[in-house]
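Colleague: sequence plus predicted model, see below.
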Amino acid sequence: MLFAVLFRSNDMGIIFLKKPRLKNPVMICGWPGIGNIGFIAVKTLKKSVGAEKFAEIEGCDFFYPRKIRISEGVLDDIEFPTSTFYFKKREHGDLIIFIGEEQPRGQKMSYQLGKHVLDIAIRYRCKRIFTSGAAVTLIHHQMKPRVWAVPNRSHLIPEIMRHENTIFMSDIEGHPDQGQISGLNGLLIGMAGERGIEALCLMGEFPLYLAHETSYPKGSQSVLEVLSAMIAEDLDSGRLKRWIQRTDAEIDKVYQQIPAELRQQIEKIKLIRQTKPSSLTDEEKEEFFKEVEDFLRGNEQDGESSI
C-alpha cells in the first residue's frame, strides 16, 4: 500500500529491512548507463554470490514515479525506481552490493543520493568502494574489451597494474590531468575520497559505433574479471557468457547489413589495438578518432544510425 513504508525502520532516508553485522566489507556499486556495462556486471556479481537485501534508499526523494496502481478507480500504490543495498558474508571480508535502477537527474540530486550510499559505507566501515560503467572508445565489437581504471588514491596504482587487461584512463586519453566519468560512477569515487575512503571506477570498453542503449555484456565480463580478482571471489559467469554469445551473433548480423564503406572505416579500428601505442602520436589517434566519428555522424544525418 502507498504508506506501508512508514512502518519500516527508517534512518535518514534509508529504509533498513535488517541490520547485518559485517566484517571488513568492500562496497560495489552499479547503475544503468551506456551499454549497461556496470549495471550488468554488478547484478551478475550479486546473483553469483547470493547476496541478500538489507536496505534501500527512499525513491520518492530522488525520482518521479515509475508506475502507479489503480484499484477500483482509486490510486492504490506508487512505485519508484529502487536503490537497494545487499550484503554477503565471507571468511575473507564481506561484501556490500549497491544496485540503483536509475540515476537521479541533476547534480544536486546525484550528490544527495551519493551521500546516502556513503552513509552506508561509513556505517559499516567499508575499506574500499568500486563503481563501474562504460568507456566509449575505438574498439571493434569482435575484440576483447579492456577495462579503464580510475582510482582516487595513488597507492592503488600498483594493484591495478597487476591485471593484464586493465589500463589507466589517463594513459588512454593522453591527458593525465584531465578526464570525465559521467554520472555517479565518477562522482561517488570523488565523494568517497573527500570522506577518507579509497575507491576506484572500472569501466569496460564499449564500441563507439554501437547505439548507446545496446546492452553490451562483453564489456561487463571484462569488468567482472578484474573485479573478481580484486575482491577475491570466484564468480559463476556461465549465464553471462551465453548472453555474450547471443549478443555477438546479433551484432554480427546487423554489422553485415550496414554499407560496405562504413564497415571499412570500422575495420580500421582493429589497427589501433594491433599498433604499439608508441608508434601512434596523439595527433594521429585524435585524427583517426575524428575520421570515424565524423563518418558515423554523417550517416546519422542521412537517415542511417549507429548499429
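Modeller: Received, thanks.

Colleague: wait, is K47 part of a strand?
Modeller: No. Secondary structure of K47, determined by DSSP: H, G, I helix; E, B strand; the rest coil: helix, with no strand assignment.

Colleague: show me the shaky parts of the stretch 201-307 of the chain.
Modeller: In the predicted model of the stretch 201-307 of the chain, residues 272-307 satisfy pLDDT under 70.

Colleague: swap the cut-off to 90 and go again
Modeller: In the prediction, the stretch 201-307 of the chain carries residues with pLDDT under 90 at positions 208-213, 234-238, 254-307.

Colleague: again, but for the stretch 1-150 of the chain
Modeller: For the stretch 1-150 of the chain, residues meeting the criterion pLDDT under 90 lie at 1-13, 60-80, 92, 105-108, 136-139.

Colleague: please repeat the previous calculation with a cut-off of 50.
Modeller: Under the criterion of pLDDT under 50, the regions of the stretch 1-150 of the chain flagged as low confidence span 1-9.

Colleague: show me the helices in it, by range?
Modeller: Per DSSP state H, counting those that start in this stretch, the stretch 1-150 of the chain carries helices over the ranges 37-49, 107-123.

Colleague: not counting its own residues, what contacts the shortest one?
Modeller: Counting contacts by CB atoms under 8 Å, 6 or more residues apart in numbering, the residues outside helix 37-49 that touch it are 28-33, 51, 86, 88, 95, 97-99, 131-134, 185, 202-204, 206, 215-217, 219-221, 223-224, 227-228, 233, 235-237, 239-240. Where you see a C-beta, it was placed from the backbone N, CA and C, and this is true even at glycine.

Colleague: kindly format the C-alpha coordinates of it as PDB.
Modeller: Presented in PDB, the C-alpha positions along helix 37-49 are these (Å, rounded to 0.1, in the frame of the first residue of the first chain):
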ATOM      1  CA  ILE A  37      28.100  -2.400 -18.600                       C
ATOM      2  CA  GLY A  38      28.400  -1.600 -14.900                       C
ATOM      3  CA  PHE A  39      24.800  -2.500 -14.200                       C
ATOM      4  CA  ILE A  40      25.100  -5.900 -15.700                       C
ATOM      5  CA  ALA A  41      28.400  -6.600 -14.000                       C
ATOM      6  CA  VAL A  42      27.100  -5.700 -10.500                       C
ATOM      7  CA  LYS A  43      23.800  -7.600 -11.000                       C
ATOM      8  CA  THR A  44      25.800 -10.600 -12.100                       C
ATOM      9  CA  LEU A  45      28.000 -10.400  -9.100                       C
ATOM     10  CA  LYS A  46      25.000 -10.100  -6.800                       C
ATOM     11  CA  LYS A  47      23.300 -13.100  -8.200                       C
ATOM     12  CA  SER A  48      26.500 -15.200  -8.300                       C
ATOM     13  CA  VAL A  49      27.400 -14.700  -4.600                       C
END
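
Colleague: and it, what's buried?
Modeller: 37-46, 48-49 (16 or more other CB atoms under 10 Å).

Colleague: please apply the same query to stretch 109-126.
Modeller: Using 16+ other CB under 10 Å as the test for burial, stretch 109-126 gives 110, 113-114, 116-121, 124, 126.

Colleague: ditto for stretch 189-207
Modeller: By neighbour count on 16+ other CB under 10 Å, the buried set for stretch 189-207 is 189, 191-192, 197-207.

Colleague: just stretch 60-73 next, same as before
Modeller: With burial defined by 16+ other CB under 10 Å, the residues of stretch 60-73 counted as buried are 62-63.

Colleague: ok, back up a step: any of the contacts of helix 37-49 buried? List them.
Modeller: Burial of these was assessed by neighbour count (16+ other CB under 10 Å); the buried members are 28-33, 51, 86, 88, 95, 97-99, 131-134, 185, 202-204, 206, 215-217, 219-221, 223-224, 227-228, 233, 235, 237, 240.

Colleague: and A229, that one's in a strand?
Modeller: No. A229 is assigned helix when assessed by three-state DSSP, not a strand.

Colleague: can you pull the contacts of it?
Modeller: By CB under 8 Å, 6+ apart, A229 lies in contact with H163.

Colleague: and the gap between it and R162?
Modeller: Counting by CB to CB, to the nearest Å, the gap between A229 and R162 amounts to 8 Å.

Colleague: my read: C201 touches I160, true?
Modeller: No. Between C201 and I160 no contact is recorded; they are 11.0 Å apart, counting by CB atoms under 8 Å.

Colleague: residue contacts, R90?
Modeller: E233.

Colleague: and if you look at C60?
Modeller: 78, 80.

Colleague: measure it to K241 for me?
Modeller: C60 sits 38 Å away from K241, taking CB to CB as the criterion.
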